[in-house]
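1. got a predicted structure here, sequence first:
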Amino acid sequence: MPSPLKCDLCAKPATVHLTQIVNNKVHKVDLCEACAQAKGVTDPSGFSLADLLLKASLNPETPAAPGVRCEQCGFTPVDFKKLGRFGCPACYDTFRSLVEPMLENMHNGVAHTGKVPTRSLERKTLYDRLTKLELDLTEAIRTERYEDAARARDEINQVKQAFNADAQR
Amino acid sequence: MPNAEIPNISSLLGTPSELTDSGSAKTAIVLMTRVRLARNLSGYHFPGWAKPEERERVLASCRASVAATAPMRRCFNFAVADLSDLERQILVERHLISRELSSAKEGAGVVISRDQAFSVMLNEEDHLRIQVLRAGFNLKKAWSAINDLDSQLEEHLDYAFSTTLGYLTACPTNLGTAMRASAMMHLPALVISNQMEKVVRAVNQLGMVVRGLFGEGSDASGSIFQISNQTTLGESEDEIIKRLGSVLQSIVEHELNAREKLLEADSGKLYDKIGRAYGILQNSHLLSSSEAMNLLSLLRLGIDLGVFPEANRSLVDRMLIEAQPGHLQYAQKGELEPGQRDVLRAARLRSEFAAVARPDFRAPAHGGN
């Protein structure tokens, strides 16, 4: 936790102390006069504590594993600190240790309980299965296990049919 | 001229919309309900981190998928780059695109349904920002409509999703359901009786956010506020909507109480404000945007209290949108200095309100919906 005497956004002494209670959880933000003004905290009609908490949680001097880079998009924790946004969906895996501690303050829980994109996920499952079967088939042919190869080939045909049926739905 | 006739925006303005043509006593306090979902495609960079070519590719594929859904039949389909500044401003003023999208770089677009109830922003902060607007207090219907549209899109688009974090969004504050549900509320009595600050604090403690009419950082002229959920992860959509719904309901009750108290304590003072607003709208020659909003707000309150006939509500609601700078200048076919706009705004309101009958202050006062 940052020292309560220091501003969460810069290092100046904090004079504005904000406490918000969301579902019995206490969230605290300490700010200096200038940051409080800049963030509109003094004007209660137009600021979002979530954004503030996001920025504040980024402040701790040691960003999680600063050398890490997202393999998919080249994003780094320094970029995140600058932009407050991630580079691609895979960043959430890469920077899990950076994201997880943030979520507790930011949200009402840390696990998703809402809608699930069933159709997207079905397609992904089929696709992953197909990729694996194709690898199996190549491997079986290479090692001359022809019965296994035939089985893999049949299964590939089944998955492809499922794909086509899916596309026509 | 930046706004040479692009038929699309003109025909959009000429088509009746959920926002400007659905006013009734049912929309007295909650003018409008809105639900928006953020969605991203798996395997692509988020728009803010993507190269222009990738943004263009995502735009093209999403535009086609969105336009193919049932609610988007005969939709308006715009690339932001093809719109003039004034046309973008019109879409912002009608709550169809965000300010962020209106100043977006290349590869941004929006698809809007014929009745302007649905709009899908493309390459804003996320690949898709799907929203639905419904007149009045209609959170459940709005959720069900947008849930349908989202499921239709998912038939064609592969969403970025994690079983633990939910829908993956560029900003972690939107993870989980990636849903922001909000209501646009007209709360003049809470403003007049200086209770808004208290309400904002209470609403914040319940995990909800209060913003001005045009979202983050905008002011609340016209006593119109947007109240929405702040958190998106850890609760289902239904739970969030239920919680927000009960907060909104209690704000409605507070507003009604405040109206009653104002009338009890000194009805003359309240009627004076309403009567003056009517006089100024019918006779002034210079009106700033925020003064006009405040006068229209008082007239709207007058309708709720039975001082003006209900039939005037749709005029007031339409003027709340059409007296905004973008709409005003577009109607005039050119950009104007703020001073010229004030002249034009006053003239427009004078003519629109010339036929509105004098207020009847003997009418039985009631609190609105």
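-> Okay, I see it.
2. residues contacting whichever residue of the stretch 1-150 of chain B sits closest to chain A?
-> Ranked by CB to the nearest CB, the top residue of the stretch 1-150 of chain B for proximity to chain A is residue B:49, at 4.0 Å. Just so you know, the C-beta spots here come from the backbone N, C-alpha and C atoms, and that holds for glycine as well. Residue B:49 sits next to A:73, A:75, A:85, A:86, A:87, A:88, B:170 when contact means CB atoms under 8 Å, 6 or more residues apart in numbering or on different chains.
3. burial of residue 37, as a residue count?
-> This is for chain A. Here the number of neighbours of residue A:37 (other CB atoms under 10 Å in any protein chain shown) works out to 13.
4. let me rephrase: I mean chain B.
-> Here the number of neighbours of residue B:37 (other CB under 10 Å) works out to 28.
5. what do you get for the one 5 residues further on?
-> Under the neighbour criterion other CB under 10 Å, residue B:42 is assigned a count of 17.
6. now swap in residue B:46 and tell me
-> For residue B:46, the tally of surrounding residues (other CB under 10 Å) stands at 27.
7. ok, then the element right after the helix or strand where residue B:328 lies?
-> Using DSSP states H and E, residue B:328 maps to helix B:325-331. For helix B:325-331, the succeeding helix or strand toward the C-terminus, using DSSP H and E, is helix B:338-353.
8. and residue B:209, what are its bridge partners?
-> On the basis of DSSP bridges, residue B:209 is bridged to residue B:228.
9. ok, it to residue B:249 distance?
-> Residue B:209 is 17 Å from residue B:249, where distance means CB to CB, to the nearest Å.
10. more neighbours: the two, which one.
-> Regarding residue B:209 and residue B:249, a neighbour count based on other CB under 10 Å identifies residue B:209 as having more, with 23 against 12.
11. for residue A:12, which non-adjacent residue is closest in space?
-> Here the nearest residue to residue A:12 in space, its sequence neighbours aside, is residue A:32; by CB to CB, 6 or more residues apart in numbering or on different chains that works out to 3.9 Å.
12. surely that neighbour and residue A:8 touch.
-> No: applying CB atoms under 8 Å, one finds residue A:32 not in contact with residue A:8, separated by 9.2 Å.
13. sorry, back to before: show the pLDDT at the residue of the stretch 1-150 of chain B closest to chain A.
-> Note for residue B:49: predicted pLDDT of 94.
14. neighbours of residue A:35, how many?
-> Other residues lying near residue A:35 total 22 when counted by other CB under 10 Å.
15. OK, now which residue of chain A is nearest to chain B?
-> Taking CB to the nearest CB as the measure, the point where chain A comes nearest chain B is residue A:109, at 1.9 Å.
16. next, the contact list for the closest residue to that residue other than its chain neighbours, please.
-> In space, not counting the residues next to it along the chain, residue A:109 is nearest to residue B:234; the distance is 1.9 Å by CB to CB, 6+ apart. Counting by CB under 8 Å, 6+ apart, residue B:234 makes contact with A:107, A:108, A:109, A:110, A:111, A:112, A:113, B:176.
17. JSON lines please, covering the residues you listed and showing pLDDT, secondary structure and neighbour count.
-> JSON lines is the format used below for these (pLDDT from 0 to 100; DSSP: H, G, I helix; E, B strand; the rest coil; neighbours: other CB atoms under 10 Å in any protein chain shown):
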{"residue": "A:107", "pLDDT": "92", "secondary structure": "coil", "neighbour count": "25"}
{"residue": "A:108", "pLDDT": "89", "secondary structure": "coil", "neighbour count": "21"}
{"residue": "A:109", "pLDDT": "91", "secondary structure": "coil", "neighbour count": "14"}
{"residue": "A:110", "pLDDT": "91", "secondary structure": "coil", "neighbour count": "18"}
{"residue": "A:111", "pLDDT": "93", "secondary structure": "coil", "neighbour count": "13"}
{"residue": "A:112", "pLDDT": "94", "secondary structure": "coil", "neighbour count": "24"}
{"residue": "A:113", "pLDDT": "93", "secondary structure": "coil", "neighbour count": "16"}
{"residue": "B:176", "pLDDT": "96", "secondary structure": "strand", "neighbour count": "32"}
